[in-house]
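Enquirer: Let me see the structure of the following:
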Amino acid sequence: MMTTTSRVPQGADRTRPEPTSGGSTSSAGTDKATLPPPVIWSDERVGTAKGMRFLLKKVFPDHWSFLLGEIAMYSMVICLITGTFLTFWYVPSMGHVTYDGSFVPLKGVGMSEAYATTLDISFDIKGGLLIRQLHHWAALLFVVGIALHMARVFFTGAFRKPREINWLIGAVLSLLAIIEGFAGYSLPDDLLSGTGIRAMAGFMQSAPVIGTWMTFAVFGGPFPGEMIIPRLYIAHVLIIPALLVGLFTAHIVLVAVHKHTQYPGPGRTDDNVVGFPLMPVYMAKAGGFFFIVFGITALISALVSINPVWVFGPYDPTQVTAGSQPDFYMWFSDGALRLLPGFLEFEVFGTTWSFNIFLGSLVLLPLVWVIIGAYPFVESWVTGDKREHHLLDRPRNAPVRTAIGAAATAVYLVLAMACVNDILAIKLNLSINDLTILFRALFFIAPFIVFFVVKRLCVSLQRADRDLVLHGTETGRVVRTPEGEFYEVHEPLDPYTRWTLVQHEAQVPIALDDGADVDEHGVRRPRPLGHRARRSLSEFYFRDQVQPVTPAELAAAHSHGEHDALEPSESTPQLGEPVTAVPGEREQQRASLGQSRD
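Expert: Model prediction:
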């Protein structure tokens, strides 16, 4: 009797399985069979599954302030979409034409092709005016969103290591957004935008030595020339948008690499992120929020007029609009120009030096963004903090940083009010010279007043938090003891509430950590250059800092000892360290303390 046996060669179990009758593989592709065919096709060629798995499982924390950055992102998307629509009809040319469109008051008036096509978009293209206004309002919201997002990042300390590069990218994005906005509202070539371009020409001419040559290079000859509109158009629709999209992509990639910051709370540490995954929760919320931003922007654009170019008329170098101001993001620069004194313009060896224009335009704009970009590195140097931070600060727990931000805001507000000093003088029946002198004084005085007030408010809030942790909340119930003493009963805070108030670390100046200036032999220790200045700044930064409540102080307060220090015991195992009373963590600390003693 003959029997047949099938012998499987060694390693054959790892070969490609035999195709079934239907021509498909057996169980090898069961995991991919549940995916859409395009995803399978892409994964088999470029390996997209791993990257998609990483992104879709990415966890994002949930807080309303994180939506400020999304407002900027969605506004930029709206600008790109509406801007593409406008390019189909806008002609970036300063060639002279005679208007023969639907707007009767300007019929027969000579103007540039740029202004004529802007009028055509507004009156002759269906939906053109709505798209124009949607584009302009979205651009303003884009700048507002970036500013508010950067303010949130600054006041919560989200710029600290390892996110300094992302802070620099955000600063460059905000500067590019301002330049993009200026180029955009200059394109219609109406009288208002032409006044702004003429101001730009004056700014460039104020540059020492190279001003005239720089102006001729940009304008293609004497002002106004015929090249400025086409060049602004290329910058507005090609160069700057490419930079914005590229930097924004890098910004998002770094957010994914570094993981998202989160506000302090129970269970939240520098090693985790508490929130929702990108898919499906966060994607659904982000998609819905996009339509909310788009809908509100469209509603504003439909109901509120902005930049009515037909009111101003075509640009004429012999005319100027009365009461003209730039968009809000350039108010501080215009205000600085109005406050700088006239004696800064003088003549030396037959050459005029206009520093009253040069300092407020070509110097102020880059200087502001250099200071913004350098701040994270300056704070790290002053505080000596080189650690990674993924938990955000409460602004009150960094009083000096918060006060610096408030003082900078005060400077902007003073310059913004100076930008409309002529209108304020007319409406309030005041002297424009008196207003100018007032704003000059406020420019130097207001930041110090705001800094002092905001810092004291932050310290007061810190003391209030400390008192709340030590004594609890007032119940309004008064109890009389057998000895006749009256006291109000306070209800202790629950551990979840207490965590937020005491989770921050105790901070001390670097002078307390780097030792004395001389060693035990009386020899001066070698110090790097600028060490004394760094110690002074560090002491200023941490002065008046209210430290978080320690377990010893909390135990003393609960035993009616108020702030008296207690000896280390089982009830206060971490004497001198911040209270981190997550439910269940105190027992773990006691257990670990007992093991270490054994």
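Enquirer: you'd agree R338 is up against A416?
Expert: No - with contact defined as C-beta atoms under 8 Å, R338 does not count as touching A416 (11.1 Å). In this view, the C-beta of every residue, glycine as well, is placed from N, C-alpha and C.
Enquirer: Tell me which stretches of the stretch 51-200 of the chain form helices.
Expert: Per DSSP state H, counting those that start in this stretch, the stretch 51-200 of the chain carries helices over the ranges 67-87, 113-123, 128-156, 164-186, 191-205.
Enquirer: could you dump these to JSON lines with mean neighbour count and distance to W499?
Expert: As requested, the helices of the stretch 51-200 of the chain are exported to JSON lines (neighbours: other C-beta atoms under 10 Å; distance: least, C-beta to C-beta, whole Å):
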{"stretch": "helix 67-87", "mean neighbour count": "19", "distance to W499": "24"}
{"stretch": "helix 113-123", "mean neighbour count": "22", "distance to W499": "56"}
{"stretch": "helix 128-156", "mean neighbour count": "21", "distance to W499": "17"}
{"stretch": "helix 164-186", "mean neighbour count": "20", "distance to W499": "27"}
{"stretch": "helix 191-205", "mean neighbour count": "20", "distance to W499": "52"}
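Enquirer: who wins for proximity to Q262 among the ones you listed?
Expert: helix 128-156 (10.2 Å; C-beta to C-beta).
Enquirer: Just give the nearest non-adjacent residue to Y233, would you?
Expert: Distances taken as C-beta to C-beta, 6 or more residues apart in numbering place P92 nearest to Y233, at 3.5 Å, with adjacent residues excluded.
Enquirer: Now do the contacts for that neighbour.
Expert: Going by C-beta atoms under 8 Å, 6 or more residues apart in numbering, P92 touches A114, L187, I229, P230, L232, Y233.
Enquirer: got a pLDDT number for it?
Expert: For P92, the pLDDT comes out at 94.
Enquirer: Likewise for the one 3 residues further on?
Expert: Among the per-residue scores, G95 shows a pLDDT of 91.
Enquirer: tally of neighbours for it?
Expert: Residues lying near G95 (other C-beta atoms under 10 Å) number 11.
Enquirer: Now do the contacts for it.
Expert: Contacts of G95 by C-beta under 8 Å, 6+ apart are S112, E113, E226.
Enquirer: ok, now P395?
Expert: F155, T156, R401, T402, C458.
Enquirer: one more time with 6 Å, if that's ok
Expert: F155, T402 (C-beta atoms under 6 Å, 6 or more residues apart in numbering).
Enquirer: and it, how far is that from I165?
Expert: Note on P395: its distance to I165, by C-beta to C-beta, to the nearest Å, is 23 Å.
Enquirer: follow-up on the earlier one: so can I have TSV of the contacts of G95 showing distance to I296 and pLDDT?
Expert: Output for those, formatted as TSV (distance: C-beta to C-beta, whole Å; pLDDT from 0 to 100):
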residue	distance to I296	pLDDT
S112	34	93
E113	34	95
E226	40	86
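Enquirer: T84: which of those residues is nearest?
Expert: Of all those, E113 has the smallest distance to T84: 19.9 Å, by C-beta to C-beta.
Enquirer: so that closest one makes contact with W89?
Expert: No - using C-beta atoms under 6 Å as the test, E113 is too far from W89 to be in contact (11.3 Å).
Enquirer: Please report the number of neighbouring residues for F216.
Expert: By other C-beta under 10 Å, 15 other residues sit near F216.
Enquirer: What of V255?
Expert: 16.
Enquirer: I'd like the next helix or strand past whichever strand or helix holds it.
Expert: Using DSSP states H and E, V255 maps to helix 240-258. Beyond helix 240-258 on the C-terminal side, the first helix or strand identified by DSSP H and E is strand 276-277.
Enquirer: On the C-terminal side of that next one, identify the next helix or strand.
Expert: helix 283-303.
Enquirer: Run through who's touching the helix or strand following that next one.
Expert: Using DSSP H and E, the helix or strand that directly follows helix 283-303 along the chain is helix 309-312. Contact with helix 309-312 is made by F103, T118, P188, D190, L191, L192, as judged by C-beta under 6 Å, 6+ apart.
Enquirer: What of stretch 319-329?
Expert: With contact meaning C-beta under 6 Å, 6+ apart, stretch 319-329 is reached by V143, I178, G181, L191, L192, T195, D334, C419, I423.
Enquirer: and of the residues you listed, the nearest to T475?
Expert: Out of these, the member with the shortest distance to T475 (by C-beta to C-beta) is V143, at 48.3 Å.
Enquirer: Quick check, that closest one in contact with L175.
Expert: No - using C-beta under 6 Å, V143 is not in contact with L175, being 10.6 Å away.
Enquirer: And L415, how close does it get to R440?
Expert: 11 Å.
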